[in-house]
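> I'll drop the sequence and a predicted model, then ask my questions.
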Amino acid sequence: MKVLEVIVLAAGQGTRMQSQLAKVLHPLAGRPMLAHVLDTVRELEPDKVHVVVGSQGAAVRESLGDGVGVNWVNQEEQKGTGHAVQQALPHIADEAVVLIVYGDVPLITAKTLAACVAAAEQGGLGLVTADLPDPADLGRIVRLEGGAITGIVEYRDASPEQRAIHEINSGIMALHAVVLKTLLGAIRPHNAQGEYYLTDVIALAVQEDIPVVGLEAESAEEVTGVNDRIQLAVLERCFQRRLAERLMRGGVTIADPARIDIRGEVIAEPDCFIDINVVFEGRVTLSAGVSIGAGVVIKDAEIGAGVRIEPHTVIEGARIAPRCVVGPFARIRPGTELGEGVKVGNFVETKKAILGKGTKASHLAYLGDATLGEDCNVGAGTITCNYDGIDKHHTEIGNNVFVGTNSTLVAPLEIESDSFVAAGSTVTFRVGKGDLAVGRGKQRNIQGWVRPDKRKPGK
């Protein structure tokens, strides 16, 4: 039976990030980079995952939570990648194949990692490489004329000829645990930094006649690590492009794949349309034929078939039934449920509001802690006064109710079906079925009144 254990190196301080936040916790698509790496390695179904953390280990553990199912390993002193791996070795079974990955290389794919593990299972050392037009300060792969890998040289220790090499080391490798333990025990800090380089095991493996199998990643982004915020931004766009292409392959039209942000999970049926600068957070489901306008933000919501969301609308924690129209500039807050064919127009805000089939609040209204039946009409300027300074109260509105413009509904309140609220009313007690509620101050017209700016001095 094959045993696979994974070591994730996540102890780097990330000084170039210029941040108090641990580098591996910086978000990519709304989640820590380390979380993406852990998701990918879990696709291989490893027996154990060990995460090596450093001085900010407590913060890393707290951010990811105890439910991630990993063995946390502390690296008290920062003595290089080889030293970091050594800290995990006491927890590794001798019969295991060990895969070593990095918490700041978030776009590596399970396909590439599986190929690396397969090379190790055949008795070799699997090493993920990439050919880059501009390798910058990454470690270079050194090969013989026949192509056999003989070692890796770090950029700071490389000669000009070696720096001209374009094939780089990703640092990701796999080999049998016993071999790894033996080779790590032989490395020495003979380098400019006085550190124990994990890459030194490559040359040692060659000396021991252990085949080193170079596995070139399909794209440079797979092996790109994050050392500063510029690199993080580049990978963000790469990852967003991946997510956008996945949606488009499923039948979704995206106006511009470079201007969409998915910070969670989007499940979309065919024939949806997503305009520019749309942001998704949490878990969002889009049924067939949904149209989303520019600048919309949707978080943790279910959107029914044929819904049209107009530009610059914000939706959070809501369920929207088919054929609704929402926005522009609407705010749909948590607990909102919109029935089939509901219209919520510009500058309307809802919170814990249930609107029945065909109900309309077309503009400039606030509906909070309210239940409205079917085919109601809510005029502009209407608000439900749900908060008395201490507690929230509910407004219950029946079917086919007409609420006139600029009405104030003071909860707790019941307005029964087929009733009317006159424009400009403040309603404070129950309105019966079919009644007309008028809650206005009595109008007075004062004849001969003179505006203050037209009065004579002294008058």
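Cool, the structure landed. Residues are numbered from 1 along each chain as shown.

> contacts and neighbour counts: CA atoms only from here.
Will do.

> list phi and psi for K357.
Dihedral angles of K357 (phi, psi; degrees, to the nearest 10) stand at phi -50, psi 130.

> oh, that last question was meant for E281, not what I typed.
phi -130, psi 150.

> run through the bridge partners of it.
R263, K299 (DSSP bridges).

> that one: neighbour count?
Residues near E281, counting by other CA atoms under 10 Å, number 19.

> for it, list the residues it contacts.
Each residue near E281 by CA atoms under 8 Å, 6 or more residues apart in numbering is listed here: 30, 262-265, 297-300.

> buried only: go through those residues for me.
262-265, 297-300 (16 or more other CA atoms under 10 Å).

> got these as TSV, with distance to Q443 columns?
Putting those into TSV (distance: CA to CA, whole Å) gives the following:
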residue	distance to Q443
I262	54
R263	54
G264	55
E265	56
V297	44
I298	45
K299	46
D300	48
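
> of all residues in the chain, which one is nearest the centre?
Central residue of the chain (CA atoms, centre = their mean): R263, 2.2 Å from the mean position.

> who's in contact with it?
Counting by CA under 8 Å, 6+ apart, the residues that R263 touches are 28-31, 279-282.

> my guess is I276 contacts T253, does it?
No: in this structure, I276 is not within contact of T253 by CA atoms under 8 Å, at 11.0 Å.

> mind listing what the nearest residue to L107 once chain neighbours are set aside touches?
Among residues not flanking L107 along the chain, E222 sits closest, at 4.8 Å (CA to CA, 6 or more residues apart in numbering). E222 is in contact with 105-109, counting by CA under 8 Å, 6+ apart.

> which one (most neighbours) among these?
For the contacts of E222, neighbours were counted using other CA under 10 Å, and P106 has the most, 29 neighbours in all.

> quick one, domains of this structure?
Taking automatic domain parsing as the reference, the chain has its domains at 4-223, 243-437.

> wait, E236 sits on L28?
Yes: applying CA under 8 Å, one finds E236 in contact with L28, separated by 5.8 Å.

> surely the residue nearest to L107 forms part of a helix?
Yes: the assignment for E222 (DSSP: H, G, I helix; E, B strand; the rest coil) places it in a helix.

> re the thing from before, which of the contacts of E222 lies closest to R323?
Lowest distance from R323 to those (CA to CA) belongs to L107, with 37.6 Å.

> surely the closest one touches A35?
No: L107 sits out of contact with A35 when judged by CA under 8 Å, with a separation of 11.1 Å.

> so what sits against both of these two?
Joint contacts of L107 and A35 (CA under 8 Å, 6+ apart) do not exist.

> what is the burial count for R242?
13.

> just T182 next, same as before
13.

> who touches the helix or strand harbouring it?
T182 belongs to helix 177-186 when assigned by DSSP states H and E. By CA under 8 Å, 6+ apart, the residues outside helix 177-186 that reach it are 82, 86, 89, 92-98, 198, 201, 204-205.

> in PyMOL, how would I select the buried members of these?
Only the buried members of the contacts of helix 177-186 end up in this PyMOL selection, burial being decided by 16+ other CA under 10 Å:
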select buried, resi 82+86+89+92+93+94+96+97+98+198+201+204+205
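
> looking at the contacts of helix 177-186, which are in strands?
97-98 (DSSP state E).

> would you turn the contacts of helix 177-186 into JSON lines with distance to P211 and pLDDT?
Below are the contacts of helix 177-186 laid out as JSON lines (distance: CA to CA, whole Å; pLDDT from 0 to 100):
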{"residue": "G82", "distance to P211": "20", "pLDDT": "94"}
{"residue": "Q86", "distance to P211": "22", "pLDDT": "95"}
{"residue": "L89", "distance to P211": "22", "pLDDT": "95"}
{"residue": "I92", "distance to P211": "22", "pLDDT": "96"}
{"residue": "A93", "distance to P211": "22", "pLDDT": "95"}
{"residue": "D94", "distance to P211": "20", "pLDDT": "94"}
{"residue": "E95", "distance to P211": "19", "pLDDT": "96"}
{"residue": "A96", "distance to P211": "18", "pLDDT": "97"}
{"residue": "V97", "distance to P211": "15", "pLDDT": "97"}
{"residue": "V98", "distance to P211": "16", "pLDDT": "98"}
{"residue": "L198", "distance to P211": "17", "pLDDT": "91"}
{"residue": "V201", "distance to P211": "12", "pLDDT": "91"}
{"residue": "L204", "distance to P211": "11", "pLDDT": "92"}
{"residue": "A205", "distance to P211": "7", "pLDDT": "92"}
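
> need the max-distance pair from the contacts of helix 177-186.
Farthest-apart pair in the contacts of helix 177-186 is A93 and L204; separation 21.7 Å (CA to CA).

> can you name every helix or strand that the host helix or strand of L367 contacts?
Per DSSP H and E: L367 is located in strand 360-372. Other helices and strands packing on strand 360-372, by 3 or more CA pairs under 8 Å, 6 or more residues apart in numbering; DSSP states H and E, are strand 343-355, strand 377-378, strand 383-385, strand 395-397.

> what are the buried residues along that strand?
Quick answer for strand 360-372 (16+ other CA under 10 Å): 360-372.

> what sits against the closest residue in space to P311 that isn't next to it in sequence?
Excluding the flanking residues, the one nearest P311 by CA to CA, 6+ apart is G293, at 4.3 Å. By CA under 8 Å, 6+ apart, the contact set of G293 is 274-276, 278, 308-312.

> quick check: the farthest pair among those residues?
Longest span within the contacts of G293, CA to CA: I276 and R308, 14.9 Å.

> more neighbours, the two?
Counted by other CA under 10 Å, I276 and R308 do not tie: R308 has more neighbours, with 23 against 19.

> show me what contacts the more buried one?
Contact partners of R308, counting by CA under 8 Å, 6+ apart, are 290-293, 323-326.

> that one pairs with what?
S291, V325.

> okay, now L99: neighbour count?
Counted with other CA under 10 Å, L99 comes out at 26.

> isn't it up against G171?
No: taking contacts as CA under 8 Å, L99 lies outside contact range of G171: 10.7 Å.

> quick one on the thing from earlier: pLDDT at the residue nearest to P311, what is it?
pLDDT recorded at G293 is 98.

> list the backbone torsions phi and psi for it.
Phi and psi for G293, reported as degrees, to the nearest 10, are phi -80, psi 180.

> what of D261?
Backbone phi and psi, for D261 under degrees, to the nearest 10, turn out to be phi -130, psi 120.

> which non-adjacent residue is nearest it?
D261 sits nearest to V279 (CA to CA, 6+ apart), 4.8 Å away.

> ends of stretch 369-383, how far apart?
End-to-end distance for stretch 369-383: 11 Å, by CA to CA, to the nearest Å.

> the least confident helix or strand in the chain by mean pLDDT - contacts with which helices or strands?
Lowest mean confidence among the helices and strands of the chain (mean pLDDT, DSSP states H and E): strand 149-153, at a mean of 85. In terms of contacts (3+ CA pairs under 8 Å, 6+ apart), strand 149-153 is packed against strand 140-143, helix 200-207, strand 212-216.
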